[in-house]
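> mind looking at a prediction? Sequence and model below.
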Amino acid sequence: MPDHFYVYPAYLGRGLSRRDGRRLREADALPDVTSEEIVDAARRLGFRAEIEADKQYPRRFFTYAGRVKVAKRAGTTKVAFLKAVAADLRTHRPAPAKR
């Protein structure tokens with residue numbers, strides 16, 4: 001069993017359907033997530049993470065958004081990790097500008 005898992009930005013994408021790769025509920029997803037943001041959030045949460053920038057998500061083969069390789073930690077599932085990253089990004093992203 002591998003000691004890591006991969007996270008693509010599409011897993012957290014609010015504008016995407018489940019068929020297009022979103023892994024979280026629409027309410028938990030975020031718009032325009034980047035690999036860099038995922039790495040920063042993973043490190044804040046105490047995970048070892050690194051970007052593989054030249055990779056593409058097979059369901060969205062026409063974009064090179066990269067992917068993040070995350071070292072597994074005992075007791076943490078991939079879905080729990082994705083929820084934690086989304087929550088962390090919500091708190092660390094700047095608030096949207098009001099018009």
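That came through fine.

> isn't Ala42 up against Lys69?
No: Ala42 is beyond contact range of Lys69, at 9.8 Å (criterion: Cβ atoms under 8 Å). Using the backbone N, CA and C atoms, a C-beta is placed for each residue, glycine as well.

> quick one, longest helix in the chain?
helix 78-92 (DSSP state H).

> measure how far that helix is from the centre of its chain, please.
8 Å (Cα atoms, centre = their mean, to the nearest Å).

> pLDDT on it, on average?
Helix 78-92 comes out with an average pLDDT of 94.

> show me what that helix is packed against.
Contact here means 3 or more Cβ pairs under 8 Å, 6 or more residues apart in numbering; DSSP states H and E; on that basis helix 78-92 packs against strand 4-7, helix 35-44.

> can you list the weak-confidence ranges in this structure?
Low-confidence segments of the chain (pLDDT under 70): 1, 95-99.

> give me the element Lys69 is part of.
Using DSSP states H and E, Lys69 maps to strand 67-71.

> deepest of the helices and strands packed on helix 78-92, which one?
Compared across these, helix 35-44 shows the largest average neighbour count, a mean of 19 (mean count of other Cβ atoms under 10 Å).
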